[in-house]
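**Q** predicted model and sequence below, questions to follow.
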Amino acid sequence: MSLNSLLFILFVVLAVTVYYLIPGKYQWCWLLAASYMYYLANSRGLVIFLIAATVTTFFGARFIEREADDKRRRLIMLAVLILNFGILGVLKYTNFIIFNINGITRGSISFVDFALPLGISFYTFQSMGYLLDVYWKRQEAEKNLFKFALFVSFFPQILQGPIARYSRLAGQLYASHRADAARIERAILRILWGFFKKMVIADNALYFVNALFDEYQSYPGLAIFAVLMYSLQLYGDFSGGIDVVVGIGMLFGIEMDENFRQPYFAVSISDFWHRWHITLGTWMKDYVFYPISLSGWMRSFKKMSKNVFGKKIARTLPIAVANVIVFLVVGVWHGAAWKYIVYGLYNGLIIGISGMLADNFRDMRKKLKIGKDSKPFYLFQIVRTFLLVNISWFFDRADTVGQAFSMMKNAVTCFTPAELLTIPVGPGGSTNFTLIALGIILFGTLVVFCVSLVKERGTDLAGFIMEKPFIFRIALYLIILMMLPALGQPPAITGGFIYAQF
Amino acid sequence: MRSFKKAAVLIILVLFFAGNALLSYLLYPYTYTRAMYHEMETADYDTLIVGGSHAKCGIDPAVLESAAGVRAINAAQGGEHSIDMYYLVREAAAGTDLKNVILEIDPSYWVARPNQTKEYVSLYHEFPLSVRKAGYFADKMLTADFRTAPFEWYLYRQQAGHLPGLIREKQSDAYKNFDIAQFTDEVQSYHEDGFIARFRVDAGTTREDVPALFDRGDLNADERKYFEKLHAFCKKEGIALTCVITPVPETSYEAHRAAYEDASAYFEALTKEQGIRFIDYLSDERVPHDLEDFCDNEGHMFEDTAGRFTKVLAEDIFK
């Protein structure tokens, strides 16, 4: 049941209607029932993994809370962590390990055909975050197994996040909500906006991305367009999907964490990760970066660095190392392939090195008499970050690291933009609609750019629209709705949401 | 003022729904699927052929009639999956005294999710309005992209450039009378009984076409589910069901022998288990296998090849 299927939309309508018809104190029970119905309809027997994560985390957290002995608390925490990340690791990374063992030993171990439970990366990270919060005594353990089961399985977010924190989501899930017309209207606008980004931008860009990456040797002069199209596709797809998910949450009166904040306006890679997949970034910061930075061995490393490199480097080097490790984990989270590891390392190294050279950059800027807040410098930073991000997208989308490097080389040595019109677009594989598709992508991108610009300046655009007369609003919603079939591409070619497979 | 606002909102909504309906009417072209349903509603027949494009241009009802005396309609079509066949058979059985169903199995259809293309919706779109259509909608369209059913024009929106022609077509007697002349061109001819005769001309079809291969690991559970439902329906209604796999060029068979042999073994076991008559022509020497008898490597037959093949089929099923 994909997010864009008619069945899912009817399911949401039914779930919301029943939600507001039943007494408030039972609303969370209905949400749990709906979430499990959704999961069972999609994953059937694989629900056992979701139940396993829920039960082990729930009881693990309860034991940790009751246990006074630090050693035993730690042991329980580690056992639950290893079990849950172990399941994730086995299901997701076994074939990658076999592939590498075969490569090294020239062996022929057969690959294993595991079915991946829906949203396993998301619910595992979410529940393990809760476990660690209880372990660090930041969070009281939930006393009701079923309430906790709802936190892990809440159906809108299980498919592609955002990765929620118990402290922010659970209270809302268990509270009673009343139907509020303004909130529901806002939610519908958010859902429509998400589908606009997905269907108008991402699904049209996909034709170009698939052609230019899959046949990159045939289009060496279009490598730059390949990655630009991918940056549009990925943003439209992922942020569009999150808009739909957040909008559905709003229909139930639940405000989920935002996952995107105009990422292509970022002024550095570090800033980018504060704007792109925000909930993964903050999860990594809280549960990987800080534990590493504050660990005993990192303190020893800092001491050693001080002796070897001096005080200045010792201040920044451990943070840089922690960042590299964090992004290595981010890379591995993205998928079981070397290209994702390189993708993670690339981001980690840039952030790490940028941090270490921050003082040098500041001095250089002073020497060049560039004001920190000058507009040209701000624009330069945005363009520079956009370029750096796009380099990372080569690793993300290419099939192999070798292909990524080859395309990067093509991007700077070969440029034949006219060839873009030779890429077939549409189910018939014709080039008759290529120009139209490019026009639609341009239109969609301009709309998203303008909306992002307004949001970046702090304007609540949805709020602004909501203040307009109802006639205007309904006309706007219907226009957006009509654009989805008129400008979007059919799913025969486009498939589902990219992050739904994580 | 209040009633003005209400009226304005109402007008906007009416405009939206009317515009959507108008687009559906205008952009949805006249296809042979519409003509085929009309034939199913009006003709007198006792045999229905369902399946994919191989059956569409491989099983000729006229030859079946002359060889076995049965009156058949070829309701096969490219992109027709088990679910479509099930509802087609039910629809046919509701309107005529259906005695035989010839079901062409294309093994490649069993290993892929149906693509949501024009073919995906055309069989549903033209399906006569009935309770069966409601079931068809629930089983097929609910899981499709949410734009597919409410915005029927959406998969045909690229026809917008041909709008004047489409409007003229909708007003024409040919459209009103389900005329099929327009479905005949220099490459193929559409017959009233649903058969497509492929002429021996170079249609630009590449000989490099590689058939999608059967792989048990990729089996789509829905194909089997509706296949079994179709079988149960035929059994209940006393309709004789025969499953066939049509021949492919020898060169294709040899190139992908393992996949074809596995498909044969799989469907033989499946039909045996269900007690269904199954005839496999993949390696049957009585039917054509020469590449020259087909217009591509996949196994779409030329008209004369279809004639020869249908003759053998008629003998196998009815004699």
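**A** Yes, it's here. Residues are numbered from 1 along each chain as shown, chains lettered A, B, ... in the order given.
**Q** what's the longest helix in the chain?
**A** I went with chain A, as the question did not name one. helix A:70-105 (DSSP state H).
**Q** my bad, chain B
**A** Under DSSP H, chain B gives helix B:2-27 as its longest helix.
**Q** counting by contacts, list what the first helix or strand past that one going along the chain packs against.
**A** Using DSSP states H and E, the next helix or strand after helix B:2-27 towards the C-terminus is helix B:32-42. Here helix B:32-42 touches strand B:72-74, helix B:82-95, helix B:118-125, going by 3 or more C-beta pairs under 8 Å, 6 or more residues apart in numbering or on different chains; DSSP states H and E. Just so you know, the C-beta spots here come from the backbone N, C-alpha and C atoms, and that holds for glycine as well.
**Q** quick revisit: list the helices and strands the longest helix of chain B packs on?
**A** helix A:470-487, helix B:163-171.
**Q** repeat the analysis, applying 6 Å as the threshold.
**A** helix A:470-487 (3 or more C-beta pairs under 6 Å, 6 or more residues apart in numbering or on different chains; DSSP states H and E).
**Q** is chain B within reach of the helix it packs on?
**A** Yes. Helix A:470-487 is in contact with chain B by C-beta under 6 Å from any C-beta of the partner chain, via A:471, A:474-475, A:478, A:484-485.
**Q** give me the contacts around the helix or strand where residue B:313 lies.
**A** When elements are assigned from DSSP H and E, residue B:313 belongs to helix B:303-318. Identification of contacts with helix B:303-318 by C-beta atoms under 6 Å, 6 or more residues apart in numbering or on different chains yields B:58-60, B:63-64, B:67-68, B:197-198, B:242, B:279, B:286-288, B:293.
**Q** what subset of those residues is buried?
**A** B:58-60, B:63-64, B:67-68, B:197-198, B:242, B:279, B:287-288, B:293 (16 or more other C-beta atoms under 10 Å in any protein chain shown).
**Q** can I get those residues in TSV with distance to chain A and pLDDT?
**A** What follows is the buried ones among the contacts of helix B:303-318, written out as TSV (distance: C-beta to the nearest C-beta, whole Å; pLDDT from 0 to 100):
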residue	distance to chain A	pLDDT
B:58	23	94
B:59	26	95
B:60	28	95
B:63	32	94
B:64	33	93
B:67	37	91
B:68	38	89
B:197	23	93
B:198	19	93
B:242	31	95
B:279	32	94
B:287	32	89
B:288	29	87
B:293	27	89
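**Q** residues in contact with the closest residue to residue A:32 other than its chain neighbours?
**A** Leaving aside its sequence neighbours, residue A:32 sits nearest to residue A:150 (C-beta to C-beta, 6 or more residues apart in numbering or on different chains; 4.3 Å). Counting by C-beta under 6 Å, 6+ apart, residue A:150 touches A:28, A:31-32, A:173.
**Q** same question, residue A:249
**A** A:156, A:256.
**Q** work out for me the element it sits within.
**A** helix A:223-251.
**Q** picking up where we left off before, most neighbours among the contacts of residue A:150, which one is it?
**A** Looking at the contacts of residue A:150 with neighbours defined as other C-beta atoms under 10 Å in any protein chain shown, the largest count falls to residue A:28 at 24 neighbours.
**Q** skipping adjacent residues, who's closest to it in space?
**A** Residue A:28 sits nearest to residue A:174 (C-beta to C-beta, 6+ apart), 4.8 Å away.
**Q** gap between the one you found and residue A:27?
**A** 9 Å (C-beta to C-beta, to the nearest Å).
**Q** give me the more crowded residue out of these two.
**A** Shown here are residue A:174 and residue A:27; by other C-beta under 10 Å, residue A:27 has more neighbours (22 against 17).
**Q** output the helix or strand that the more buried one is a member of as PDB - backbone C-alpha positions only.
**A** Here residue A:27, judged by DSSP H and E, is contained in helix A:27-43. C-alpha atoms of helix A:27-43 as PDB (Å, rounded to 0.1, in the frame of the first residue of the first chain):
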ATOM      1  CA  GLN A  27      -8.100   7.300  20.100                       C
ATOM      2  CA  TRP A  28      -4.600   5.900  20.600                       C
ATOM      3  CA  CYS A  29      -6.000   2.400  20.600                       C
ATOM      4  CA  TRP A  30      -7.500   3.000  17.200                       C
ATOM      5  CA  LEU A  31      -4.200   4.500  15.900                       C
ATOM      6  CA  LEU A  32      -2.400   1.400  17.100                       C
ATOM      7  CA  ALA A  33      -5.000  -0.900  15.400                       C
ATOM      8  CA  ALA A  34      -4.800   1.200  12.200                       C
ATOM      9  CA  SER A  35      -1.000   1.100  12.300                       C
ATOM     10  CA  TYR A  36      -0.900  -2.600  12.600                       C
ATOM     11  CA  MET A  37      -3.500  -3.000   9.900                       C
ATOM     12  CA  TYR A  38      -1.400  -1.000   7.600                       C
ATOM     13  CA  TYR A  39       1.800  -2.900   8.500                       C
ATOM     14  CA  LEU A  40       0.100  -6.300   8.100                       C
ATOM     15  CA  ALA A  41      -1.400  -5.300   4.700                       C
ATOM     16  CA  ASN A  42       2.100  -4.400   3.500                       C
ATOM     17  CA  SER A  43       4.400  -6.900   5.200                       C
END
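**Q** dump the residue contacts of the residue of the stretch 401-502 of chain A found nearest chain B.
**A** Residue nearest to chain B within the stretch 401-502 of chain A: residue A:485 (3.5 Å; C-beta to the nearest C-beta). Listed by C-beta under 6 Å, 6+ apart, the contact set of residue A:485 reads B:147, B:151, B:154.
**Q** cheers, nothing more for now.
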